[in-house]
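Novice: Generate coordinates for the sequence data below:
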Amino acid sequence: MKLTIHGAAQQVTGSMHLLQAGHYKILIDCGLDYERDRQLQQNEDFPFDPAAIDVVILTHAHIDHSGNLPTLVRMGYAGQILCTAPTADLTELLLLDSVNVFMSKMDSARRHRRGRFNTGRQPLYLQKHVMDTVERFVTIGFNKPFRINDHVELTFIPVGHLLGAAAVVLKVNDEGAEKKIAFTGDIGRNNYPVLNDPQPLPAVDYLVTESTYGGRRHSKEQTIEEVLTTIIDRTCIKEPGRLIIPAFSVGRTQSLVFTLNKVFSQGLLPPVPVFIDSPLATRSTVVYRKHHHLVNNEAQEFYRQRGDEFEFENLTYIETLKESRQVSNYFEPCIIVSSAGMLEGGRIQDHLFYNIQNYYCTILFIGYCAKGTLGHRLLRGDPIVHIKDRDLAVYATIKQTDTLSAHGDHDDLVNTVKQQDKDRIKNIFLVHGEIASMKLMADELVAWGFKVTIAEKGLTYDL
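Specialist: Purely as a prediction, here's the structure:
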């Protein structure tokens, strides 16, 4: 059995891992590499023949794990894509949204190059390729062993992080010897709004685990409700300002809306208009309602007592561009939640364009921003940023909280590994993290007696 890490090796985005069991080739995740955004077409440079892959397993819907699937299909992959039912529904929405982002960037390139396209701005795939991909989804429930072939059995284990997100556990008959390997995907956190806590993984021989928050611990001084209440009170109640929250439409926005619902329904603040300016968020919320049996007990109890956790009196979901522009011209204090979370495309750029120089505006980041993104540049304190073809000085207040991060922190990640049997597990491969985070996480795991490998891109490991 051989393992090759082809993506998210010493970086966070572009998850893609190839497991070979004899001649059978299994691809776990096929994500878009954000750090190639300036050379988007590099994402089609697969280090293997897509047609030679036998099966794809998808851990969850986020684009850094699913976003290159249509490229894989376009370039010859003809097999099944195994995932949970919520992952299939959410991935379809995200991939179709990616097509819109690609086309928008291509149009922008055309305007600035007098009709001659830069090859780096060509769309990776079109709607047709997304629908071809969706047709390949085969959905599997949690904790239900699924036999892929005579030699490989798959089980999905819930890990929180996003509705439908799963760790992949594979039991492989490798030349007569049974071996187990698990891929964590992205690990969630305990007591996260809407989502259930991650389940422990079974004992395995090899573990491929994310390390996004290696060496970092989430702040625990305040709850999510307390953080939001403090910032809203200062920005929208005590001052006539507006709070702009960039949030991923799928997952983060639903958890944020539920938290805001609790804040206002409990009377912690007077009502403030809240605008969810993301059609993708609206459609994703429909998926959350469809799979409501998978949300956590808190959300289900809230629904029984107060009604839909994703609706409240001062909340408005924005659909059309006309409505979005009306929100930009809304001069009363308000909260605007818009995508994308890293500020790379989406309607959030319009809101930033008109508010980045507004002294009464606060921009609150509630998630991770990869290097190279506009969100990362704002968080590192750049005094001038480029938005919609203009360089703009940053006068708005920039804040960040990790209380709504859907990633487990250092302790969560280490505890996930510590559940393993040290006498059985042979190696732990760290992926999906920056090198500094990986080293800090590796140091602690080694101190606990585990063998740890910081995965290198393209290097094949014999298991």
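
Novice: Okay, and the residue lying closest to Arg390 once chain neighbours are set aside sits in which element?
Specialist: Leaving aside its sequence neighbours, Arg390 sits nearest to Phe353 (Cβ to Cβ, 6 or more residues apart in numbering; 7.5 Å). For the C-beta atoms, the positions are set from N, CA and C on the backbone; glycine is no exception. Applying DSSP states H and E as the criterion places Phe353 in helix 348-355.

Novice: before we move on, the earlier item: so what's the residue nearest to Arg390 up against?
Specialist: Residues touching Phe353, when contacts are defined by Cβ atoms under 8 Å, 6 or more residues apart in numbering, comprise 387-388, 390, 392.

Novice: in the helix holding Phe353, what's buried?
Specialist: Neighbour counts using 16 or more other Cβ atoms under 10 Å place 348-352, 354-355 of helix 348-355 among the buried residues.

Novice: how far is it from where the chain is centred?
Specialist: Centroid separation between helix 348-355 and its chain, computed with Cα atoms, centre = their mean, to the nearest Å, is 22 Å.

Novice: Then stretch 165-179?
Specialist: Mean C-alpha position of stretch 165-179 versus that of the full chain (Cα atoms, centre = their mean) differs by 25 Å.

Novice: List the contacts of it.
Specialist: Applying Cβ under 8 Å, 6+ apart, the contact partners of stretch 165-179 are 1, 19, 21-22, 26, 28, 57, 59-61, 83-84, 87, 142, 145, 150-159, 180-188, 201-202, 204-206, 463.

Novice: if we go to 6 Å?
Specialist: Stretch 165-179 is contacted by residues 1, 21, 28, 57, 59-60, 84, 151-157, 159, 180-185, 201, 205 when judged by Cβ atoms under 6 Å, 6 or more residues apart in numbering.

Novice: end-to-end on it?
Specialist: With Cα to Cα, to the nearest Å as the measure, the first residue of stretch 165-179 is 23 Å from its last.

Novice: One more: stretch 19-27?
Specialist: Its start and end residues considered, stretch 19-27 measures 6 Å (Cα to Cα).

Novice: and if you look at stretch 387-396?
Specialist: OK, stretch 387-396 end separation, Cα to Cα: 14 Å.

Novice: centre of the chain versus that stretch, how much separation?
Specialist: Once both centres are worked out by Cα atoms, centre = their mean, stretch 387-396 turns out to sit 26 Å from its chain's centre.

Novice: repeat for stretch 64-75
Specialist: In terms of Cα atoms, centre = their mean, the centre of stretch 64-75 is found 15 Å from the chain centre.

Novice: Show me what counts as buried in that stretch.
Specialist: Under 16+ other Cβ under 10 Å, the buried positions of stretch 64-75 are 64-74.

Novice: looking only at pLDDT, what's the mean for that stretch?
Specialist: Computed over stretch 64-75, the mean pLDDT rounds to 97.

Novice: which other residues reach it?
Specialist: Counting by Cβ under 6 Å, 6+ apart, residues outside stretch 64-75 touching it are 13, 15, 29-32, 43-44, 50, 58-59, 91, 95, 98, 124-125, 129-130, 132-133.
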